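K.L.:
Quick one, what's the 3D model for this:
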Amino acid sequence: MHHLGVGIAHRGTPVLLIADDTTITVVHQHTGEIIATNTIDPTRTYWRNTQKEPGRWPSSFSQ
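P.N.:
Residues are numbered from 1 along each chain as shown. Below you'll find the predicted structure:
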């Protein structure tokens, strides 16, 4: 099973998933807003939203 990083702010939002060979795009079903774009990596189970900056973990190690 694979998990898409979309974000808690969009929990329960009706969405449309558009998939091609290398990406999955998550679109709000009513407004057409692109919520997330995820790069498909079959070797991983979690696919990060590439439209958002990484969270607190990468920046905390760069000091």
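K.L.:
Contacts only, for the residue sitting nearest the centre point of the chain.
P.N.:
With distances taken as C-alpha atoms, centre = their mean, the chain has N49 as the residue nearest its mean C-alpha position (3.0 Å). Applying C-beta atoms under 8 Å, 6 or more residues apart in numbering, we find N49 in contact with L4, G5, V6, G7, A36, T37, N38. Glycine gets a C-beta too; all of them are placed from N, C-alpha and C.
K.L.:
close enough to count as contact, V26 and L4?
P.N.:
Yes. Counting by C-beta atoms under 8 Å, L4 is a contact partner of V26 at 6.6 Å.
K.L.:
quick one, which of those two is more surrounded?
P.N.:
V26 (22 against 17; other C-beta atoms under 10 Å).
K.L.:
Check the more buried one and give its pLDDT.
P.N.:
Listed pLDDT for V26 reads 91.
K.L.:
Who does it form a beta bridge with?
P.N.:
Beta bridges link V26 to L17, A36 when assigned by DSSP bridges.
K.L.:
need the helices for the chain, in chain order.
P.N.:
Under the criterion DSSP state H, helices of the chain are mapped to 56-61.
K.L.:
Mean pLDDT per helix and strand in it: which one sits at the bottom?
P.N.:
When the helices and strands of the chain are scored by mean pLDDT, DSSP states H and E, helix 56-61 comes last with a mean of 56.
K.L.:
Spit out the contact partners of A19.
P.N.:
T25, I40.
K.L.:
mind checking how far it is from V26?
P.N.:
Per C-beta to C-beta, to the nearest Å, A19 is found 10 Å from V26.
K.L.:
do the same with R44
P.N.:
R44 is 17 Å from V26, by C-beta to C-beta.
K.L.:
Could you list the low-pLDDT ranges of the protein?
P.N.:
Residues of the chain meeting the criterion pLDDT under 70: 1, 53-63.
K.L.:
all strands in it, in order from the N-terminus.
P.N.:
For the chain, the strands defined by DSSP state E cover 3-4, 15-19, 23-28, 34-39, 46-47.
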